[in-house]
Structures are given as C-alpha cells and as structure tokens.
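In: Using only what follows, build the 3D model:
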Amino acid sequence: MINKKVTNVQEAVTGVKSGMTLMLGGFGLCGIPENAIAELVRLEIKDLTCISNNAGIDNFGLGLLLQHRQIKKMISSYVGENDEFERQMLSGELEVELTPQGTLAEKCRAAQAGFPAFYTPAGYGTEVAEGKEVREFDGKMHVLEPAFKADFSFVKAWKGDAAGNLIFKGTSRNFNPNMCGAATITVAEVEELVPVGELDPNNIHIPGIFVQRIFQGEKYEKRIEQRTVRQKV
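Out: Below you'll find the predicted structure:
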C-alpha cells in the first residue's frame, strides 16, 4: 500500500509557488482547509488564482489571503460575507470570474473524471455565455464549459488513512469531494489520521487514488459565519 502521509502542513504544501492556480474546498467556512490556508499566508506567495465557492470572511479562510493581497483572481459562485472581496472586486484590484454554483461544482468534477468540457443550460443568454460555444440539445440551448485546470487542490476531510482514503462529515461534504483528483496534486488535511485498514470501506467517500498527500491538521477553529440561536422563552 502506498503511504501518502506527510509529516505536517509545511511538507504538504511543498511545490506551491506564486502564480499557480489552486482549488480550495469548503462552503462558506464549513469544511475549509484551515491549516493549508494559514500556511499559504505564511509563505507569502502571490498572484494566485483561487477556485473556491466563495472567499471566506474578512478575517478568516481565504479572506486572509485577500487581506495580504496574495490572490490575483478569484473563480467563485458568489462574493458572500466578505467585504474585502467585494471592495477589491469593485475597485478592479481583483479579477473575479463569477460562475453558477452548479457549474462550478461540475467543472471540478469534470476535471476529476478527466472530461475536458461539458454542456450545461446554466448561463445561456447571460454574460456567463459570452465568447463560449453554444449548442442545441432537444430544443434547449446549452453552453460549453471547460473543466478546470489547477496545480494544487486543498481539501478538508473529517477522517482519512495513510493511503489517502477520505471520509467527510456532514455539510463539509460540499465542494471537497469534487476537488479531489481535480488538480495535478491533491492535498488532504484531516482531523483524524488512522492506519490503513481502520476505515470501513463502505463509508469511504473518496478513495486514495485521488489524493497525493495527506496530513493531520490541528487547532481547527471551525468558525460560524452568522451564528443564529433561538431566544430564551
């Protein structure tokens, strides 16, 4: 069995350089690769193109990379709760490619499966389709969307083993599975790293063939974007 375990996050991000295209899993702040993002901030690499559903919040997640002006372009589905993201986009400091959320997910999955492109009706007749090939299927127009091409994919899972097999927990099973194997190198950080054979094969969401490096993360904050609680009766 191939051992894909690396010692720490520093070893996990080896090879990441300025100007690269990175995929980062998560939805809002749920299931984001906190350790990997913190290390990218520390390395001070710049001119990154980041593919992620959104960009975290102002002081956490991808918002930290935005604060330090390390991101050149964001490919995402919405601006979200990040005021700095909005400010940089409107001022022209940051290049932004807004993509329908389902299309964003499928562009990741297509790259994972080895498909160069796919047709989707989403975005036809809007700015999303400008300059793209369109084709009619069963009387409905579709837009040709290319699969993503990324250098690294950083994902967060609940549990994994040394062979790279992953199990996601709850809502963190969002963009993370689709981004596994969708880049040249996939790095998975997990809350619990166990020896090969301890995971029930029936519960594995992503097999290790889609993962090149895996490490056990630490000090997860798991922040909540907007905490809502009921009032006491």
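In: Show me what the biggest helix by length in the chain is packed up against.
Out: For the chain, the longest helix by residue count, based on DSSP state H, is helix 101-113. Using 3 or more CB pairs under 8 Å, 6 or more residues apart in numbering; DSSP states H and E, the elements in contact with helix 101-113 are strand 117-120, strand 140-146, helix 176-179. The C-beta positions use only the backbone N, C-alpha and C, and glycine is treated the same way.
In: Of the ones you listed, which is nearest residue 85?
Out: Evaluated over these, closeness to residue 85 peaks at helix 176-179, with 19.7 Å, by CB to CB.
In: After that closest one, which helix or strand is next?
Out: Next in sequence after helix 176-179, counting helices and strands by DSSP states H and E, comes strand 185-194.
In: Export only the CA atoms of stretch 191-210, formatted as CSV.
Out: What follows is stretch 191-210, C-alpha atoms only, in CSV (Å, rounded to 0.1, in the frame of the first residue of the first chain):
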residue,chain,number,x,y,z
GLU,A,191,-9.0,15.9,11.7
GLU,A,192,-8.1,12.3,12.4
LEU,A,193,-5.5,10.3,10.5
VAL,A,194,-5.7,6.5,11.1
PRO,A,195,-3.7,3.5,9.8
VAL,A,196,-4.7,1.7,6.6
GLY,A,197,-7.5,-0.8,7.3
GLU,A,198,-9.2,1.1,10.1
LEU,A,199,-11.8,2.8,7.8
ASP,A,200,-14.9,0.9,6.9
PRO,A,201,-14.7,0.6,3.0
ASN,A,202,-18.4,1.1,2.8
ASN,A,203,-18.1,4.5,4.4
ILE,A,204,-15.3,5.9,2.3
HIS,A,205,-16.4,8.9,0.2
ILE,A,206,-13.2,9.4,-1.8
PRO,A,207,-10.7,6.6,-2.5
GLY,A,208,-7.0,7.3,-2.0
ILE,A,209,-6.2,7.2,-5.8
PHE,A,210,-7.5,10.8,-5.9
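In: So which residues make contact with that stretch?
Out: Applying CB atoms under 8 Å, 6 or more residues apart in numbering, the set of residues contacting stretch 191-210 from outside is 1-2, 4-5, 112, 157-168, 173, 177, 180-181, 186, 214-217, 220.
In: Let's see which of those end up in helices.
Out: Among those, the members falling in helices (DSSP H) are 112, 177.
In: among the contacts of stretch 191-210, which ones are buried?
Out: Listed as buried from these are 4-5, 112, 157-168, 173, 177, 180-181, 186, 214-217; burial here means 16 or more other CB atoms under 10 Å.
In: Could you point out which of the helices and strands packed on helix 101-113 sits nearest residue 89?
Out: strand 140-146 (21.6 Å).
In: gap between the closest one and the chain center?
Out: Chain-centre distance of strand 140-146: 23 Å, with CA atoms, centre = their mean, to the nearest Å.
In: That one: which residues count as buried?
Out: Of all the residues in strand 140-146, those buried under the rule 16+ other CB under 10 Å are 142-143, 145.
In: Looking at these, which one is closest to residue 68?
Out: Using CB to CB, residue 145 is the member of the buried residues of strand 140-146 that sits closest to residue 68, with 30.9 Å.
In: I figured the closest one hits residue 118, correct?
Out: Yes - with contacts counted by CB atoms under 8 Å, residue 145 reaches residue 118, the gap being 5.9 Å.
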